[in-house]
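*Asks:* This is a predicted model, with the sequence first.
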Amino acid sequence: MKILVTGGAGFIGGNFAHMMVRKYPEDQIVVLDALTYAGNLETLEPIMNEPNFRFVKGDIRDRAFIDTLFENEKFDVVVNFAAESHVDRSIENPEIFLETNIMGVQVLMDACRKYSVKRYHQVSTDEVYGDLPLDRPDLLFHEDTPLQTSSPYSASKAAADLLVHAYHRTYGLPVTISRCSNNYGPYHFPEKLIPLVISRALADESIPVYGEGANVRDWLYVTDHCSAIDLIIRKGKVGEVYNIGGHNEKSNLEVVKTILKALGKSEDLITYVKDRPGHDLRYAMDPTKIETELGWEPEFRFEEGIQETIKWYLANKDWWEHIVSGEYQEYYNRMYLNR
Ligand code: NAD
Ligand code: DAU
């Protein structure tokens, strides 16, 4: 099989490419990435010289480029991770989110139709379901929970999901969609909560917690997300949505305190800052469908996964120190100073 992994120089796509290259030496894995601020070729360094791997720089919004690539490469499967992925940035500037996360998906699916790709898989998110109340732990997101979004980011992802459904129903494009909860693990860009806390705590810098830190996220170790997508593209039913999550709900404050404790740092580093506008209260996935129909099960509980993650950040300082010393610093000041 020849598999195109778009957005594969980012966090989850990078981990997925590592897994696929090593697990399926008989398959060809091509990563396409525009290398935006979030894409990093250093993430792909461990597999760059593998014979079944190739990197191509390009933009999923570029119709002519995508058309030529698909014509030349004859992909069997396309897994689309490429996206603008950070909620805070979408609040600051929604435009690029609509362009990449919606129009880019259309360009990819048009190419899949034209060149008869056997499967288009859209990597979506639990955020398309909106949020759940904090005082109803019995409520979970199911695949048929109505889409109800809060941020420009989640609205763009929900729009893409609807478009994917429409291409299946109208044109018969063989699609699948996965909606996963919050990921964490190696190669996570330090604008997101967990790597931000690890990198700042190691430098004894303040840790910005939005509001009271009571918002809840359902954390999944990134390789568990990757194994779920691998199962879906091989065994998943065309036209279906699969929720992915591991029942690891934690409040932001619990997450922050766990990391500070593991690093031997004081909780005095915690600084409460103005809340994110439209901040979703709680996400929680019901993964029963993928567990029962495809036999997926996660390998990591949060308690182990977070220790693995911290170990990785300690052992791979070069990877993230390059990032936090560059233009990231301007972003941090813009977002957090005077907040
Ligand atoms: P990321 O921001 O780390 O990576 C996104 C990658 O896409 C980057 O390498 C970037 O360069 C690339 N990209 C952006 N625009 C592009 C374009 N126009 N053309 C080609 N490449 C482009 O994101 P991530 O956290 O790895 O998320 C990957 C996907 O998974 C996204 O679709 C996101 O919505 C979804 N998702 C993320 C999470 C999470 O917790 N991070 C959870 C569920 C779903
Ligand atoms: O749920 C899946 C989603 O998870 C993905 O679709 C998104 O691409 C991904 O970015 C992530 O979105 P979140 O908004 O949940 O992740 P983030 O790491 O930005 O924030 C996690 C929680 O921590 C959220 O409640 C906001 C809070 N937070 C975040 C940052 C960056 C803070 O309190 N302080 C911070 O500095």
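*Replies:* Yep, it's here. Ligands and ions are numbered 1, 2, ... in the order given.
*Asks:* in a strand, that's where residue 38 is, yeah?
*Replies:* No - counting by DSSP: H, G, I helix; E, B strand; the rest coil, residue 38 falls outside a strand, being coil.
*Asks:* Is it in contact with residue 83, as I believe?
*Replies:* No - Residue 38 is beyond contact range of residue 83, at 9.1 Å (criterion: Cβ atoms under 8 Å). (C-beta placed from N, C-alpha, C; glycine too.)
*Asks:* ok, residues contacting the helix or strand of the chain with the lowest mean pLDDT?
*Replies:* The weakest-scoring helix or strand in the chain, judged by mean pLDDT, DSSP states H and E, is helix 328-336 (a mean of 85). With contacts defined as Cβ atoms under 8 Å, 6 or more residues apart in numbering, helix 328-336 is touched by 37, 88, 92, 190-191, 208, 273.
*Asks:* which of these are close to ligand 2?
*Replies:* Restricting the contacts of helix 328-336 to those near ligand 2 by Cβ under 6 Å from any ligand atom leaves residue 208.
*Asks:* Which ones among the contacts of helix 328-336 map onto helices?
*Replies:* 88, 92 (DSSP state H).
*Asks:* Save the contacts of helix 328-336 as a markdown table, and put in neighbour count and distance to residue 163 too.
*Replies:* Shown next, in a markdown table, are these (neighbours: other Cβ atoms under 10 Å; distance: Cβ to Cβ, whole Å):
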| residue | neighbour count | distance to residue 163 |
| --- | --- | --- |
| 37 | 15 | 25 |
| 88 | 16 | 25 |
| 92 | 11 | 24 |
| 190 | 20 | 31 |
| 191 | 19 | 27 |
| 208 | 20 | 35 |
| 273 | 15 | 35 |
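*Asks:* Neighbours of the residue nearest to residue 246 when sequence neighbours are not counted, how many?
*Replies:* Spatial nearest neighbour of residue 246, chain neighbours left out: residue 298 (4.1 Å); criterion: Cβ to Cβ, 6 or more residues apart in numbering. Residues contacting residue 298 under the criterion other Cβ atoms under 10 Å number 20.
*Asks:* Pull the contacting residues for residue 140.
*Replies:* Shown in contact with residue 140 (Cβ under 8 Å, 6+ apart): 132, 284-286.
*Asks:* now the strands: where do they sit in the stretch 201-339 of the chain?
*Replies:* 207-210, 216-218, 220-221, 241-244, 249-251, 270-273 (DSSP state E, counting those that start in this stretch).
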